[in-house]
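**Student:** fold the stuff below for me.
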Amino acid sequence: MENNLKDIQAEPDFREIDIDKVGVKDIRYPIKVLDKKNKVQHTVGTINLYVDLPRTFKGTHMSRFIEILNEHRREISNKNFKEILEKMKEKFGATTAHLEVEFPYFIEKAAPVSKARGLMEYTCRYTGSLNSELDLLLEIAVPVTTVCPCSKEISDRGAHNQRGEVRVALRLDEFVWIEDIIETIESSASSPVYSLLKRPDEKYITEQAYDKPMFVEDVVREVTIALDAMKGVRYARIEAENWESIHNHSAYAYVERK
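**Tutor:** All right, here's what the predicted structure looks like:
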């Protein structure tokens, strides 16, 4: 029956404009990610799939993207990105295919003094493109705490601090654990962020951060130095942003290492 229906997408388009990306966005799908402690972590990804569309075609067949996802159900991971992208190129007759997967990643962290354990959530994202070669980026957003060095220097009592976030995008020559990247970033700030803390932990973290004051510029530089030394990192884009506690603005710094 379907073969007898008119295929509008395959009809020619006379405006002679190539489309760089066309596809589907925001599909929620179960995925699995390698976990350093537990081997595999099951989570839910928000997935975008695109291909290029030549000027000779009016549209693309959106249902084919869903078919490809269904063929890899529960088996979507960074290890088979290339396989999925190759399937997209083949099925659409495309020159370039793109796959983006954003997901929450959970790590159990122990508080520094009480050792109370709680789950911390980190937003991670794999972005892959395949033309003649695979280009794969791993992006991770890590919450941190910073104490202002200037405030500490000029104040008679205390110093203002703020929550911040460090966002990195990495091209890797070899496998690197997500946990190792997160630990590297957290150690480059005044203090990590925890989900569960008792009073002795709060005292410890407050004093630890006070003894390690850092501007947003310090954070992005420290992360850059640490990633430069990390084996397997070929390219890094580092952003640090602090949501200031006493200013009506956020502070921001950016470094790109090619």
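
**Student:** any idea what Val168 is bridged to?
**Tutor:** Ile140, Ile238 (DSSP bridges).

**Student:** list the residues that contact it.
**Tutor:** 139-140, 142, 181, 185, 223, 227, 236-239 (Cβ atoms under 8 Å, 6 or more residues apart in numbering). Where you see a C-beta, it was placed from the backbone N, CA and C, and this is true even at glycine.

**Student:** hmm, try it at 7 Å
**Tutor:** By Cβ atoms under 7 Å, 6 or more residues apart in numbering, the contact list for Val168 reads 139-140, 181, 185, 223, 236-238.

**Student:** and Ile185, which of the three is it?
**Tutor:** helix (DSSP: H, G, I helix; E, B strand; the rest coil).

**Student:** run the chain-centre distance for the top strand by length along the chain.
**Tutor:** In the chain, with assignment by DSSP state E, the single longest strand is strand 19-35. Relative to its chain's centre, strand 19-35 lies at 13 Å (Cα atoms, centre = their mean, to the nearest Å).

**Student:** from the contact counts, what lies against it?
**Tutor:** Secondary-structure packing of strand 19-35 (3 or more Cβ pairs under 7 Å, 6 or more residues apart in numbering; DSSP states H and E): strand 39-53, helix 63-71, strand 97-110.

**Student:** looking at the ones you listed, which has the lowest confidence?
**Tutor:** The weakest mean pLDDT among the helices and strands packed on strand 19-35 belongs to helix 63-71, with a mean of 90.

**Student:** next, the angle from that one to strand 97-110.
**Tutor:** 40 degrees (axes from the mean of the first three to the mean of the last three Cα atoms, to 10 degrees).
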